[in-house]
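Participant: Sequence first, predicted model second:
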Amino acid sequence: MKTAPWLVLAGAVAGFLGVLGFHRPASANALGAAAGPTAAARASVPAAGPAASAPGARSAATPAASSRAPATAAAGRATGPIEQYGYGELTARVTVSAGRITDVQLPVIRTAEQYSQQLASQVIPLLRREVLAAQSANINAVSGATYTSQAYALSVQAALDKLHFK
Amino acid sequence: MSGSGAAPSRAGLPVRPVLAHAEPVMGTVVSFAVLPGDLPEAELWSALDAARAVLHRANAVFSTWDPRSPVSRLRRGAAQPGPLPAAVAEVAALCRAAREASGGWFDPWAMPGGYDPTGLVKGWAVDGALAVLRQAGLPAAMVNGGGDLAAFGAPAPGQRWRAGIRHPWRAAALAAIVEVRAAVATSGTYERGAHLIDPRTGLPGRRAVSATVTGPSLALADALATALAVGGDAALEAIAALESYDGYLIRPDGSETSTGGFAFVPTGQASASEVTGRRPAPE
């Protein structure tokens, strides 16, 4: 398997966590071949949240969001980059309103095989609840993380960075 | 490497962007975050390549999955095709030091199936990769070997690296947040394939559901986290006696304890509901 490329990330300013991830070529990859996203077969996982409905599921780089006028308090919606983890990849879309995270959805979740898919479908609703409760995890990394939760946290944080949410 | 200098070196950018990379190696994913600073492009890339190479060399020598690796041969008493790599002796010395430091709760020689330094090797390899980046003159970097991580420098001016410690039962909740002064290793039951052996019985066993150790060396912290998971409070006592190492454990009943110097980051009220606030002082 080809090693994933090194990526230059532009998000260095807005908090650091988003940077730790396995950010894929989307755009800014000037270095190395844009290796494919590993052998992740597509598989749609049962909706993560109430109104998830996974619309056009997949469109990896869902346009950076409809951030409606973040005046002073962070508000709007942003999608994190695709985060790959050991057994798949995912993207989180975060909605912020009046300075609070009000929703987290996963427009993209692909897993390599059946077991990971089952795991993801159990874990993801949990993750969502946890993020809503914990709000923003202002950290650079997770010690003892499973791949799934690490990828999830990274994508959520990157989405928050786009909203300049601290 | 198609280089091209990308955005980073262009004048006018006050800060060169951070580089992130994930390297699948050693049965996990090792992620890098590197601040390039003023390092010339060519030196930067050769440092990054050298850091990756450290991980792959470690894997080639120490993999217990690859029957051809020197350590696999050692384990089954097979002849080596050539002299043993120097790294084998280096790691064995570290393992002896870790066995002593842990009060015997980490013991690669007591594993069923023969000498198995796996509990220390990942941390040792990540230490090696990080050392390459440091020697190259980079201002800051973090290398995270599937949850065992080490860092130097500041992630941003005036900031410190911080790591969340995964909650043992709740998927994405954090049990605590720790400031990363050098190395942080966590051993938990929840990871795939975790199968910790109690060196005193030779059987699977553990007295903590989550065990984190911090200190200057990730090799030692990694081994001590394994020891702490197996030995629980008794191993924590051994760690408390070590200079510059600290431990934090969650027992099977959910209660927690830590050594006095553990670098907890106080958590704000926003996350108080998820990040447990209890910090029992060590007796």
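Facilitator: Noted; the coordinates are in hand. Numbers count the residues shown, from 1 in each chain, chains lettered A, B, ... in the order given.
Participant: all contacts plus neighbour counts: C-alpha atoms, from now on.
Facilitator: OK.
Participant: surely residue B:179 meets residue B:215?
Facilitator: No - here residue B:179 lies out of contact with residue B:215, judged by CA atoms under 8 Å, at a distance of 11.1 Å.
Participant: What residues sit buried inside the helix or strand residue B:61 falls within?
Facilitator: Using DSSP states H and E, residue B:61 sits in helix B:41-62. Neighbour-count burial for helix B:41-62, counted by 16 or more other CA atoms under 10 Å in any protein chain shown, picks out B:41, B:44-45, B:47-48, B:50-52, B:54-56, B:58-62.
Participant: after that helix comes which helix or strand?
Facilitator: helix B:70-75.
Participant: Could you report the neighbour count for the residue of the stretch 1-150 of chain B found nearest chain A?
Facilitator: Residue of the stretch 1-150 of chain B nearest chain A, by CA to the nearest CA: residue B:147 (4.2 Å). Neighbour count for residue B:147, taken as other CA atoms under 10 Å in any protein chain shown: 27.
Participant: Quick one, grab the pLDDT at it.
Facilitator: pLDDT for residue B:147: 82.
Participant: burial of residue B:203, as a residue count?
Facilitator: 13.
Participant: For chain A, give me the ranges with low pLDDT.
Facilitator: Flagging of chain A using pLDDT under 70 yields the residue ranges A:1-74, A:85-87, A:98-100, A:111-155, A:157-158, A:160-166.
Participant: what about the longest strand in it?
Facilitator: In terms of residue count, the longest strand belonging to chain A (DSSP state E) is strand A:100-111.
Participant: can that one be found next to chain B?
Facilitator: No - against chain B, strand A:100-111 shows no contacts by CA under 8 Å from any CA of the partner chain, the least distance being 10.0 Å.
Participant: Can you list the strands that that strand pairs with?
Facilitator: Partner strands for strand A:100-111, per DSSP bridges, with pairing direction: strand A:88-97 (antiparallel).
Participant: Report the buried residues of the strand it pairs with.
Facilitator: A:88-96.
Participant: for the stretch 51-200 of chain B, what spans make up the helices?
Facilitator: B:70-75, B:86-101, B:118-135 (DSSP state H, counting those that start in this stretch).
Participant: so can I have TSV of those helices showing distance to chain A and mean neighbour count?
Facilitator: Below are the helices of the stretch 51-200 of chain B laid out as TSV (distance: least, CA to the nearest CA, whole Å; neighbours: other CA atoms under 10 Å in any protein chain shown):
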stretch	distance to chain A	mean neighbour count
helix B:70-75	23	20
helix B:86-101	20	16
helix B:118-135	12	23
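Participant: Check residue B:225 and give its pLDDT.
Facilitator: 96.
Participant: could the buried residues of strand A:88-97 be laid out in a markdown table, adding distance to residue B:126?
Facilitator: Formatted as a markdown table, the buried residues of strand A:88-97 follow (distance: CA to CA, whole Å):
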| residue | distance to residue B:126 |
| --- | --- |
| A:88 | 24 |
| A:89 | 24 |
| A:90 | 26 |
| A:91 | 27 |
| A:92 | 29 |
| A:93 | 32 |
| A:94 | 33 |
| A:95 | 36 |
| A:96 | 36 |
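Participant: Low-confidence bits of the stretch 1-150 of chain B, can you list those?
Facilitator: B:1-17, B:22.
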